[in-house]
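Trainee: coordinates only, no sequence provided:
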């Protein structure tokens, strides 16, 4: 499968624990995005990278959230001291700035449940 | 920032009928408008997109229209089939001219095609 992959697909954690999610974009894509989707809502932008540089972070991304893309390939999203309000689907997407450059391809998401 | 509103939230049609979903956006600098289809438990998938230099685009049974003056765009699905049943999201972004193409999504339309 050459699409965007995410790991794990599901994560259940207790409030106050730290969690880390991984996203592997389509190999030639230099842009990588993180979105959060809650039930009945559209995805909300969290942050994006171009290569290894994090170029923008949403105000939704509190200090408990951190994202990295150390070598410009895969990315990780860490949530520290999780809260029940963090329960959501975390979606990763990737795109390329060459060619059409617009279409974002989404991964299957990581569903986080904070108890 | 950008705000995208989407209507209706649910839409039920008979197989073979047409379906129309409407979105409005607030930022006149937005220039890229994709539509995503999300089936239950699956990733969002792009079905059609339109750029601000085009007023209409068609792909088989799916078409999108854009009115930049009024800042609204619509998805039209003709000859609906049961497999069209899903949640549809509109989105807007500034594409490659700024904002890194981060997408602002509408709240989604649950389309149900009944036999």
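Mentor: That came through fine. Just so it is clear, the model here is predicted, and its values are computed rather than measured.
Trainee: so who does the residue of chain B at minimum distance from chain A touch?
Mentor: Closest to chain A within chain B is residue B:105: 3.0 Å, counting by Cβ to the nearest Cβ. Backbone N, C-alpha and C define where each C-beta goes, glycine included. Contacts for residue B:105 (Cβ atoms under 8 Å, 6 or more residues apart in numbering or on different chains) come out as A:42, A:43, A:44, B:4, B:36, B:89, B:90, B:91.
Trainee: distance check, the residue lying closest to it once chain neighbours are set aside against residue B:21.
Mentor: Once flanking residues are discounted, residue B:105 sits nearest to residue A:42: 3.0 Å by Cβ to Cβ, 6 or more residues apart in numbering or on different chains. Residue A:42 sits 13 Å away from residue B:21, taking Cβ to Cβ, to the nearest Å as the criterion.
Trainee: between those two, what contacts are shared?
Mentor: residue B:6.
Trainee: any idea what residue 45 is bridged to?
Mentor: Answering for chain A, as no chain was given. Residue A:45 forms beta bridges with residue A:35, as assigned by DSSP bridges.
Trainee: chain B is the one I meant
Mentor: residue B:37.
Trainee: per-residue pLDDT of the residue sitting nearest the centre point of chain A, please?
Mentor: In chain A, the centroid-proximal residue (Cα atoms, centre = their mean) is residue A:34; its distance is 3.2 Å. On pLDDT, residue A:34 comes in at 97.
Trainee: which ones are touching it?
Mentor: Residue A:34 makes contact with A:23, A:45, A:46, A:47, A:48, A:67, A:75, A:77, A:90, A:91, A:92, according to Cβ under 8 Å, 6+ apart.
Trainee: in helices, which of these fall?
Mentor: Secondary structure from DSSP state H places none of those in helices.
Trainee: can you add neighbour count and distance to residue B:50 and give those residues back as JSON lines?
Mentor: Shown next, in JSON lines, are the contacts of residue A:34 (neighbours: other Cβ atoms under 10 Å in any protein chain shown; distance: Cβ to Cβ, whole Å):
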{"residue": "A:23", "neighbour count": "26", "distance to residue B:50": "27"}
{"residue": "A:45", "neighbour count": "25", "distance to residue B:50": "20"}
{"residue": "A:46", "neighbour count": "21", "distance to residue B:50": "25"}
{"residue": "A:47", "neighbour count": "23", "distance to residue B:50": "26"}
{"residue": "A:48", "neighbour count": "28", "distance to residue B:50": "22"}
{"residue": "A:67", "neighbour count": "21", "distance to residue B:50": "30"}
{"residue": "A:75", "neighbour count": "26", "distance to residue B:50": "29"}
{"residue": "A:77", "neighbour count": "23", "distance to residue B:50": "30"}
{"residue": "A:90", "neighbour count": "23", "distance to residue B:50": "28"}
{"residue": "A:91", "neighbour count": "24", "distance to residue B:50": "22"}
{"residue": "A:92", "neighbour count": "29", "distance to residue B:50": "24"}
